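Chemist: Quick one, structure for this:
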Amino acid sequence: MAYAFSRLVARSLLWLLGPPLITGLGNIPRTGPVIVVANHTSLLDGFLLAAFWPRRLTFLSAAYLFKLPLVGTFLRAVGAIPVQKENGELSAMRVALRVLQQGGTLALFPEGRVSPPGKLGAFQAGWAYLAAKSGAPVLPVIITGTQNVLPKGATLPRRSKIGLSIATAQWVEKSERPRADTLASLNTALHRDMEQMLYTVSVSTH
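Modeler: Here you go, the predicted model:
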């Protein structure tokens, strides 16, 4: 109930601010585990994904976000998994793997922080570890425009165009003990692919 209510509130708010342009919904697997990997340009990104994603999402989120007034309330309501910087990452990964083993959809922002508009920050390789351990397909997602709806430092949102572009799924070979160099290679390749996606989406919307 908490997830459904939070999703409804987020969906209603985002529609009022400007109905998002969503492409690639047909690329989302209807069943089975999925890892959603999205870029991060605003604190609204999680709200956007939860509002319009057809399957329930479990977010893997930095622990400090749970302390923010509105964002923390939303993350707790949707059952997000907090990731502590010290000694807590392994525990969070175990919980995340259980979500995937149960056929759930895990969503994360590998940049780990909000990046400037049109830029893609360095990726953390946690998504690659989870993909290799679980064998779940990875779904790259590019979000645009949310930084204009809620610019950094702003307290009130404003109307603006929002976009959500979903690519086709990528598969990672399953491994009980993924090698660090393999994870690094996967991380580099996905970052390159999503940089190209971001460029293509940015060009098409201008």
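
Chemist: ok, residues contacting whichever helix in the chain runs longest?
Modeler: If you go by DSSP state H, the chain has its longest helix at helix 180-204. With contacts defined as Cβ atoms under 8 Å, 6 or more residues apart in numbering, helix 180-204 is touched by 37, 39, 110, 118, 120, 122-125, 127-129, 131-132, 138, 140, 142, 144, 163, 165, 167, 170, 172, 175. Glycine gets a C-beta too; all of them are placed from N, C-alpha and C.

Chemist: which residues in the chain form helices?
Modeler: Using DSSP H, the helices found in the chain span residues 2-17, 45-52, 69-77, 89-101, 126-134, 146-149, 180-204.

Chemist: quick one, which of these is nearest to residue 32?
Modeler: Residue 32 sits nearest to helix 89-101 of all the helices of the chain, at 9.2 Å, using Cβ to Cβ.

Chemist: any idea how far residue 154 is from residue 146?
Modeler: 12 Å (Cβ to Cβ, to the nearest Å).

Chemist: Compare the two (neighbour count), which wins?
Modeler: Each of residue 146 and residue 154 has its neighbours counted (other Cβ atoms under 10 Å); residue 146 has more, 28 against 12.

Chemist: my guess is that one contacts residue 40, does it?
Modeler: No - contact between residue 146 and residue 40 fails when scored by Cβ atoms under 8 Å: they sit 9.1 Å apart.
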